[in-house]
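> A predicted structure for the sequence below; I have some questions about it.
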Amino acid sequence: MLEDLAAALALFAHIENIFALAGGVAIGIVVGAIPGMTSTMGVALTLPFTFGMPPVTGILLLLGVYKGGVYGGSIPAILVKAPGTPAASCTILDGYPMARKGEAGRALDIALYASCFADLVSNLSLILFASALAMLAMRFGPPEYFTLIAFSLTIIAGVSGERLSKGFIAACFGLITATVGLDLVYGTGRFVFGNVELMAGLSFIPVLIGLFALPEIIDYYAHRVLGERKILDSVKSHASWQDFKHCFKTIVRGSLIGVVMGAIPGVGGAPAAFMSYSEAKRTSPRGDNFGKGEIEGVAAAEAGNNGVAGATMIPLLALGIPGDVITAVILGAFMIHGLRPGPLMFQQNIDLIYALFMGIALSSVFLLGFGKIAIRGFRRIAAIPYSFLFPVVLVLCVFGTYAINHSMFDVLVMMIMGVVGFLMQRFHLPAAPFLIAFILGPLLEDSFRQSLLLSRGSIDIFFRNEITWFFWLLTALSIFVLVRRNLKRSRQPAAAGTEAYDKTE
Amino acid sequence: MHEAYKDIGLGVFLTAVSFLVLFWFMPVAIQSPGNVTEVALAPAFWPQIIVVGLAVLSGVLAMQGVVRLQRIRRGAEERGPPVGRNVLGNVKVVVAIALLFAYYWIMTWGGIVVPSMVAIVVFTALHGERRIHYYGPIGVVFSLALYYFFLKVAQVPMPLGIFEGWLP
């Protein structure tokens, strides 16, 4: 063991490794901060540069980009309501209202601290529990996925605002939008109308940007007096040690949720962030403030999505199975260097694995340092008047959306979703349930149908082991708590005009 | 118009739309093969479940609106402030949405760069911004910077449409 560690240290302790990791984190933050430029794109674009590098250097560069990208997405989410990455969509819910209240700096700070802490927890989980978590993840077949996602859908209640019915209506919109495309089992079209571009379904990023960023831009034309000065003054606000202490429990819980969700292939950062947010809202004494600019909400979302970052490496390193697109690209990098992740790698290249672990552990420190620098730079955005900033953000969204698939159709989808999002905003239908349903809907349907195919139509498969029972139990518990809370609320006298639109000039 | 009326209207409208989608639109828009053995595996099964759910929830929303209205009439709930009318704002919103789709249409033949330069200027002007001589050039530089960033750094070729060949 000690010999392996010494060999790993010799492999890792090179200045080029440190520079690669630091550079990767810095690149990742910038890439993540541009709406439409995802961490996946960042990693894919960096991959060719690693071909001439030693394996550890190249892989650390990619890991740096990945981790920086996951955090970087929170910056535009907080400042301009345009999430840089899908995982940052949950950060908008409280980050942007905080910015509007004049606390952009505080929101950015707590997002960074929560991200770094969650990243650290995720890295430690990777180092300490890789094999155990990988074994758990391997037990997930379609029925287990179905029950996990059914439970995850209960988080819609947590982001529905004051009217549960409106939240679930928005979720139905998201679910039905997600069904557009070719049917996976029979290959027939659903809402396709012979359009080739609709056959693959609607891309996630155009929907995300359209739903969150564009409504704000459109709405500003109707109500252009909203807190313009507040956001300008907000650059000087900071998160204090007290803030961190106040959010600590939430950050730890969010990190652990992220780790578990990240270890399960195919789940990703956005559901983890929403689940963490929902749990924080449910348990926090300030739960009613969530969605109105609550610092704990930002911490929960960021802890959830960054907790995933290290954990997604667990199935990759332990089993050789990439959990998402980014780890698939990283798997490619391993293979380019003649390495094959999996159990054998732990026997044959343990020094390299330990060297990577050392780098991964160090990445949290770089994330903190570069994150601080990035906040200083990016918070200047908050000083730009909205009348100019919003048109610029619109153009940025157009470029970013086009870049994903090189498709003008995606730009059109973004614009249509922008109008849909604006109308939803006008009717007080929350956007977050739409998004959660849009992400989870296909996973739910696919796992449901795959399970039925496996069992030849028998629903017994959904109760086949302790994992499915565990998630059914959690789902039932969640619904029970939800119903009880709503009954309590309905017995209280209703506040007058709580939903009246108060943004008129 | 009070929020309760808005909820009733939205609920009734969405219920009607749901039934329309379920019985008229879906059979046209979803192709189902003839050899489906399990109902739950049919391509239309999942969308049907969702739309039925939407119809039920929309009905609930309308009912909630009615109950709320009755509570207000009985005096059990305060009326609250009416939803404000903002005619000028709404006109601007309609213009902005129209411009948004005009921006898209121009991009389909004019590429992404030049229309983006124009879009920044037009959308800023629509806000009533008077310092266009200041923001205009920044918009032009910003669009060009984005173009070169995506082209050279991110390796994403951006369409230039009829302006192809104008930029190196």
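Received it, and whenever you're ready, just let me know what you need. The shown structure was predicted, so the numbers you read here are calculated from the model rather than taken from an experiment.
> only C-alpha atoms for contact and neighbour calcs from this point on.
Fine.
> ranking helices and strands of chain A by mean pLDDT, which lands last?
Per-element confidence for chain A was summarised using mean pLDDT, DSSP states H and E. The lowest value among helices and strands belongs to helix A:228-233, with a mean of 48.
> mean confidence for the next helix or strand after that one?
For helix A:228-233, the succeeding helix or strand toward the C-terminus, using DSSP states H and E, is helix A:241-263. Along helix A:241-263, the predicted local confidence has a mean pLDDT of 89.
> just the buried residues of helix A:241-263, please?
Of the residues in helix A:241-263, those buried under the neighbour-count criterion (16 or more other C-alpha atoms under 10 Å in any protein chain shown) are A:243-244, A:247-263.
> now do stretch A:425-433
By neighbour count with 16+ other C-alpha under 10 Å, stretch A:425-433 contains the buried residues A:425, A:427-433.
> with respect to chain B, which of these is nearest?
Nearest to chain B, judged by C-alpha to the nearest C-alpha, of the buried residues of stretch A:425-433 is A:Phe427 at 7.7 Å.
> get me the contact residues on the stretch 51-200 of chain A for chain B.
Those residues of the stretch 51-200 of chain A that sit near chain B, judged by C-alpha under 8 Å from any C-alpha of the partner chain, are A:165-166, A:168-169, A:172, A:175-176, A:179, A:183, A:185-186, A:188-193.
> got a list of what A:Ile459 touches?
With contact taken as C-alpha atoms under 8 Å, 6 or more residues apart in numbering or on different chains, A:Ile459 is in contact with A:Leu452.
> 6 Å - rerun?
Contacts here follow C-alpha atoms under 6 Å, 6 or more residues apart in numbering or on different chains; on that basis A:Ile459 touches nothing.
> okay, now residue 108: neighbour count?
All of this refers to chain A. If you count neighbours by other C-alpha atoms under 10 Å in any protein chain shown, A:Leu108 ends up with 34.
> ah, I was thinking of chain B
In terms of burial, B:Thr108 registers 17 neighbours under the definition other C-alpha under 10 Å.
> cool, and the one 5 residues further on?
Burial measure for B:Val113: 25 neighbouring residues, criterion other C-alpha under 10 Å.
> how close does it sit to chain A?
Remark: distance between B:Val113 and chain A (C-alpha to the nearest C-alpha, to the nearest Å) = 9 Å.
> quick one: pLDDT of that residue?
Among the per-residue scores, B:Val113 shows a pLDDT of 91.
> other SSEs contacting the lengthiest helix in chain B?
Ranked by residue count, the top helix of chain B under DSSP state H comes out as helix B:45-74. Applying 3 or more C-alpha pairs under 6 Å, 6 or more residues apart in numbering or on different chains; DSSP states H and E, we find helix B:45-74 packed against helix B:3-20.
> which strands and helices sit next to the helix it packs on?
Contact here means 3+ C-alpha pairs under 6 Å, 6+ apart; on that basis helix B:3-20 packs against helix B:45-74.
> report the distance from the helix it packs on to the chain centre.
Going by C-alpha atoms, centre = their mean, to the nearest Å, the spacing between the C-alpha centre of helix B:45-74 and its chain's C-alpha centre is 22 Å.
> redo the buried residues of stretch A:425-433 as CSV? Include pLDDT.
Shown next, in CSV, are these (pLDDT from 0 to 100):
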residue, pLDDT
A:Gln425, 88
A:Phe427, 88
A:His428, 87
A:Leu429, 89
A:Pro430, 87
A:Ala431, 86
A:Ala432, 84
A:Pro433, 87
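> pull the longest helix from chain A.
The single longest helix within chain A, with elements called by DSSP H, is helix A:104-138.
> any idea which helix or strand comes after that helix?
The next secondary structure element downstream of helix A:104-138 (using DSSP H and E) turns out to be helix A:142-153.
> over to A:Gly189: give its phi and psi.
Backbone geometry at A:Gly189, expressed as degrees, to the nearest 10, gives phi -80, psi 140.
> what is the burial count for it?
Here the count is done by other C-alpha under 10 Å, and A:Gly189 has 24 residues near it.
> with A:Leu477 instead?
Residue crowding around A:Leu477 was assessed by other C-alpha under 10 Å; the count is 13.
> let me know the pLDDT of it.
The per-residue pLDDT reported for A:Leu477 equals 86.
> how far away is it from A:Arg484?
A:Leu477 sits 11 Å away from A:Arg484, taking C-alpha to C-alpha, to the nearest Å as the criterion.
> what's the answer for A:Gly73, then?
From A:Gly73 over to A:Arg484 the distance is 36 Å, taken as C-alpha to C-alpha.
> cool, and B:Pro157?
Distance, B:Pro157 to A:Arg484, using C-alpha to C-alpha: 54 Å.
> what does A:Ile384 give?
In this structure, A:Ile384 lies at 45 Å from A:Arg484, with C-alpha to C-alpha as the measure.
> centroid-nearest residue for chain B?
Centroid check for chain B by C-alpha atoms, centre = their mean gives B:Ile97 as the closest residue, at 9.1 Å.
> check which element follows whatever helix or strand that one lives in along the chain.
Under DSSP H and E, the secondary-structure element containing B:Ile97 is helix B:87-110. Sequence order places helix B:113-126 as the next helix or strand after helix B:87-110, per DSSP H and E.
> got the angle for that next one vs helix B:87-110?
Angle between the axes of helix B:113-126 and helix B:87-110 is 170 degrees (criterion: axes from the mean of the first three to the mean of the last three C-alpha atoms, to 10 degrees).
> which other helices and strands contact helix B:113-126?
If you count contacts as 3+ C-alpha pairs under 6 Å, 6+ apart, helix B:113-126 packs onto helix A:386-405, helix B:132-148.
> with that, I have no additional questions.
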